[in-house]
Structure formats: C-alpha cells, structure tokens
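**Q** Here you go, sequence then predicted model.
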Amino acid sequence: MKKLILFIIFCLLTTFVFSQFHVSTNSRIDFTWDKESDDWKFESEDQESLTFFEFNKEFTMVKHTTSSSTSGFLIKHQEHDEEDGNNQYILTVVSDVGNKYMMIYDIKNENIRFIPDDFSQMVKFKIKSSWSDEK
C-alpha cells in the first residue's frame with residue numbers, strides 16, 4: 001500500500017514539475033574534445049546568442065529556438081542526477097533531422113549542454129531564466 005501511495009504522489013509531482021517548462025539562454029560556448037589532454041578545449045563564445053528551450057508538459061519533447069532557426073528534439077530517456085551535490089537532468093535526445101545527443105540540463109551550474117554521440121564537441125548555453133506555465 002505504501003508503494004502505491006508513493007507512486008501516485010510521484011506521478012502527481014512529475015506532472016506538476018514538468019508542466020510546460022521554458023528556459024531562456026544568453027550565451028553560447030563551443031568546445032571540442034581534446035584526446036591528448038582528455039578534456040574539453042574552448043573554441044568560441046557568443047555572448048549575444050539568445051535562445052529559448054520549451055519542454056512540453058509530458059517532458060517528451062523540447063523545442064529550441066534561436067534567432068535563425070527552430071529545432072525539435074524527442075526526449076528518448078531521462079534521468080535526474082543528484083549525486084555529489086549535482087542537480088542535473090541527463091537526457092538522451094534525437095533531433096528532428098535524426099541526430100542523437102546527450103542533453104544535460106544542469107540546474108546547479110545554470111547551463112544546458114549538448115554533446116553528440118561521437119563526443120567530438122559540446123555546445124553549452126548559459127541559462128538566463130527558467131519558468132513554467134501555471135495550470
């Protein structure tokens with residue numbers, strides 16, 4: 001009985017937490033993976049890069065809007081990482097053109113990162129603000 005009650009509470013909280021959710025960003029930083037140093041190498045930063053992320057209520061899709069384009073992503077898998085003081089969602093996403101990425105919504109460090117399957121590069125967006133629509 002306890003498990004059933006906890007499951008119902010979890011479902012209700014998940015629905016509330018993931019009602020239409022929005023994130024605005026104000027900077028884009030590009031990195032490439034350096035095999036020799038086994039670390040990310042800074043490539044460039046665009047401090048004028050304003051973008052928006054919109055997560056649907058079910059947290060199964062996200063739309064990313066920039067000044068020049070809009071991309072859609074299916075969220076195939078998600079997990080919440082709270083180990084060692086982390087507070088981030090690690091998402092496996094597929095873009096509307098079929099590219100696969102790991103998308104990390106890092107609440108603690110206020111950024112969203114995209115890393116393709118081949119781990120060759122990383123794009124990090126600094127979060128300006130986030131909010132959810134009220135029901």
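**A** It's in.
**Q** Residue nearest the middle of this structure, spatially speaking?
**A** Taking Cα atoms, centre = their mean, the centroid of the chain lies closest to Y105, which sits 3.6 Å from it.
**Q** So which bits of the lengthiest strand in the chain are buried?
**A** Ranked by residue count, the top strand of the chain under DSSP state E comes out as strand 21-34. For strand 21-34, a neighbour-count test (16 or more other Cβ atoms under 10 Å) marks F21, V23, T25, S27, R28, I29, F31 as buried. For every residue, glycine as well, the C-beta is placed using N, CA and C.
**Q** Not counting its own residues, what contacts that strand?
**A** Strand 21-34 has contacts (Cβ atoms under 8 Å, 6 or more residues apart in numbering) with 39-47, 49-55, 59, 105, 112, 119-133.
**Q** Let's have the buried residues of strand 21-34 in JSON lines, adding pLDDT.
**A** Formatted as JSON lines, the buried residues of strand 21-34 follow (pLDDT from 0 to 100):
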{"residue": "F21", "pLDDT": "94"}
{"residue": "V23", "pLDDT": "97"}
{"residue": "T25", "pLDDT": "97"}
{"residue": "S27", "pLDDT": "97"}
{"residue": "R28", "pLDDT": "97"}
{"residue": "I29", "pLDDT": "98"}
{"residue": "F31", "pLDDT": "98"}
